[in-house]
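**Student:** Could you look at this predicted model? Sequence included:
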Amino acid sequence: SYWLEIIFSAGIATLGLIENSPAVIIGAMLISPLMGPIMATGLALAAGDLYLGIRALTNLLASVALSIAFSGLVVWLVPFHSATSEIISRTTPNLLDLAIALFSGLAGSVVVCRGREDGVTAIPGVAIAVALMPPLGVMGFGLGSGVNLEIIGGAGLLFLTNLVAIVASAFLVFLLVGMSAPEVQSSRGGAHPSGKPSSGVFARILAAGAKLHWRAAMILILLASIAIPLQRALLQVASETSAREIVEGDLRRLVPPGAVVSQQVTVGKDEIVIRLISTRRVPGSKMAQVREDLKLRTGRDIDLSVDAIATGSALAALVAHLTRSSSPAAEDHKANQPRQELLDEVREAIQQIWPLSDAPIQGFDVVTGTTGTTIDVRYQARNALDDVSIHLLLQSLRSKLGMPDLILNAERVQPSPAGNRSSVLSGKP
């Protein structure tokens, strides 16, 4: 039944990871029997029992190999190999995962020592907290999806973290309950399971293994070797979180939150990419200042771009005027009207829809020909109207004048030194 539970839990965990279902993954944790050989390894270290340690490690290695192989087979049979968020989250362990595994191992060891009746309510929680089978399922996904070494390595480090932490916790708890007491050692007697006393080199190995300080040193070395890469990962996460907070604060100074249409911030190891879409224009000098400030404060290269879709007043005016539409009768009348009447209609339409406060018109021309009608508008502004604003103006003119093929050419005129921004509507057909 043990090996069937290994296969069942590996299959459930793998399918839950592929479907990105936390509930299914939790079910696999409850079925997984891997806590048995891991606890036995901790017990063997606490009691100094070499035979128990060899049997527990052999069982554990066989269980891990079977879980990864079966998970890889399941993934290989699935027609798609897309890494879900549940898979990705198990490829970047850090020092916090080691702390979680230590507490989980302590809880599991205490449950074992208290007995099944006293610890029956804690067993499901311990099984979920330990989470041994999901990392093996992720390793199987990396294997079955084309030997993805990055996924296999990250998930393998997470499983190794859980394994070492649980063994260390079990070693400590079993040590505290007296598994290394002299009477326990004398009851073992260093004998082979067959009952014959050990002798020679094997006896010396048993004698060395019986010394508590060697076993404790081995546990500490394993924990330290695991903690080093996990600490680096934790520091990287902390650095990225701090950098993201700095970026968010500076972006609020650059563009008010109410003017932000879209914001995307990607924090990498050496570079931060920021993409903003705003309803307000941001001067290039201000962007350069924010870019340099972020570079100094985060220690990363900054790739910052801000796209403005329109000024606030222009966008509001354009949206309001686009809701108006001319009647079908007026559209039929414009098709055959004289040129002077067409000029008057164009002047009236431009007066209604053009954002005169931001870009006052200095003049316009109406050119008609066999290919269609073109309106050339000259406006005065410090900054040219963006493509979105020009497109909205064109659509509004087409609707009001009943000319679906109308062409609009907008030419910006630099404001005069005196700052005259009056609107002068003229035109010629």
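**Tutor:** Structure's in. What do you need? Numbers count the residues shown, from 1 in each chain.

**Student:** quick one: low-confidence parts of the stretch 1-150 of the chain?
**Tutor:** Counting by pLDDT under 70, the stretch 1-150 of the chain contains low-confidence ranges at 115-127, 129-130.

**Student:** where do the helices sit along it?
**Tutor:** With DSSP state H, counting those that start in this stretch applied, the stretch 1-150 of the chain shows helices at 2-19, 22-31, 35-47, 50-77, 85-88, 95-114, 116-119, 123-130, 133-144, 149-176, listed in chain order.

**Student:** Tell me which other helices or strands the fifth one touches.
**Tutor:** Pointing back at helix 85-88 there. Taking 3 or more C-beta pairs under 8 Å, 6 or more residues apart in numbering; DSSP states H and E as contact, the helices and strands that helix 85-88 lies on are helix 2-19, helix 133-144. Quick note: C-beta positions are derived from backbone N, CA and C, even for glycine.

**Student:** Output those helices as a markdown table; include the columns distance to Glu292 and mean neighbour count.
**Tutor:** As requested, the helices and strands packed on helix 85-88 are exported to a markdown table (distance: least, C-beta to C-beta, whole Å; neighbours: other C-beta atoms under 10 Å):
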| stretch | distance to Glu292 | mean neighbour count |
| --- | --- | --- |
| helix 2-19 | 43 | 20 |
| helix 133-144 | 41 | 28 |
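
**Student:** nearest to Ile350, of the helices of the stretch 1-150 of the chain?
**Tutor:** helix 85-88 (52.1 Å; C-beta to C-beta).

**Student:** Okay, strands next: where are they in the stretch 301-429 of the chain?
**Tutor:** Using DSSP state E, counting those that start in this stretch, the strands of the stretch 301-429 of the chain run over residues 301-308, 361-369, 372-380, 407-413.

**Student:** Could I get the helices and strands packed on helix 85-88 in TSV, plus columns for distance to Ile274?
**Tutor:** Formatted as TSV, the helices and strands packed on helix 85-88 follow (distance: least, C-beta to C-beta, whole Å):
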stretch	distance to Ile274
helix 2-19	32
helix 133-144	31
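
**Student:** Surely Leu263 is within a strand?
**Tutor:** Rather than Leu, residue 263 is Gln. Yes: with DSSP: H, G, I helix; E, B strand; the rest coil as the criterion, Gln263 is assigned to a strand.

**Student:** Run a quick neighbour tally on the closest residue to it other than its chain neighbours.
**Tutor:** Nearest in space to Gln263, with sequence neighbours left out and distances taken as C-beta to C-beta, 6 or more residues apart in numbering, is Leu276 at 5.5 Å. For Leu276, the neighbour count with other C-beta atoms under 10 Å is 21.

**Student:** what lines up beside the helix or strand Leu276 falls within in the sheet?
**Tutor:** Leu276 belongs to strand 271-278 when assigned by DSSP states H and E. Here strand 271-278 is paired, per DSSP bridges, with strand 260-267 (antiparallel), strand 301-308 (parallel).

**Student:** Packed most tightly, which of those would that be?
**Tutor:** strand 301-308 (a mean of 17; mean count of other C-beta atoms under 10 Å).

**Student:** Run the chain-centre distance for it.
**Tutor:** Here the centre of mass of C-alpha atoms in strand 301-308, compared against the chain's by C-alpha atoms, centre = their mean, to the nearest Å, lies 21 Å away.

**Student:** Using PDB, list the CA coordinates for that strand.
**Tutor:** What follows is strand 301-308 as a C-alpha-only set of coordinates in PDB (Å, rounded to 0.1, in the frame of the first residue of the first chain):
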ATOM      1  CA  ASP A 301      19.500  50.300 -14.800                       C
ATOM      2  CA  ILE A 302      16.100  52.000 -15.500                       C
ATOM      3  CA  ASP A 303      14.200  51.600 -18.700                       C
ATOM      4  CA  LEU A 304      11.400  54.200 -18.300                       C
ATOM      5  CA  SER A 305       8.800  55.200 -21.000                       C
ATOM      6  CA  VAL A 306       5.600  57.200 -20.500                       C
ATOM      7  CA  ASP A 307       3.100  57.400 -23.400                       C
ATOM      8  CA  ALA A 308       0.400  60.100 -23.200                       C
END
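
**Student:** any chance of the strands paired with strand 271-278 in TSV, plus distance to Glu348 and mean pLDDT?
**Tutor:** As requested, the strands paired with strand 271-278 are arranged in TSV below (distance: least, C-beta to C-beta, whole Å; pLDDT from 0 to 100):
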stretch	distance to Glu348	mean pLDDT
strand 260-267	32	82
strand 301-308	29	82
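
**Student:** now these in a markdown table, with distance to Asp344?
**Tutor:** Shown next, in a markdown table, are the strands paired with strand 271-278 (distance: least, C-beta to C-beta, whole Å):
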| stretch | distance to Asp344 |
| --- | --- |
| strand 260-267 | 38 |
| strand 301-308 | 34 |
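
**Student:** Tell me which of those strands sits nearest to Ala224.
**Tutor:** Smallest distance to Ala224 across the strands paired with strand 271-278 (C-beta to C-beta): 29.4 Å, for strand 260-267.
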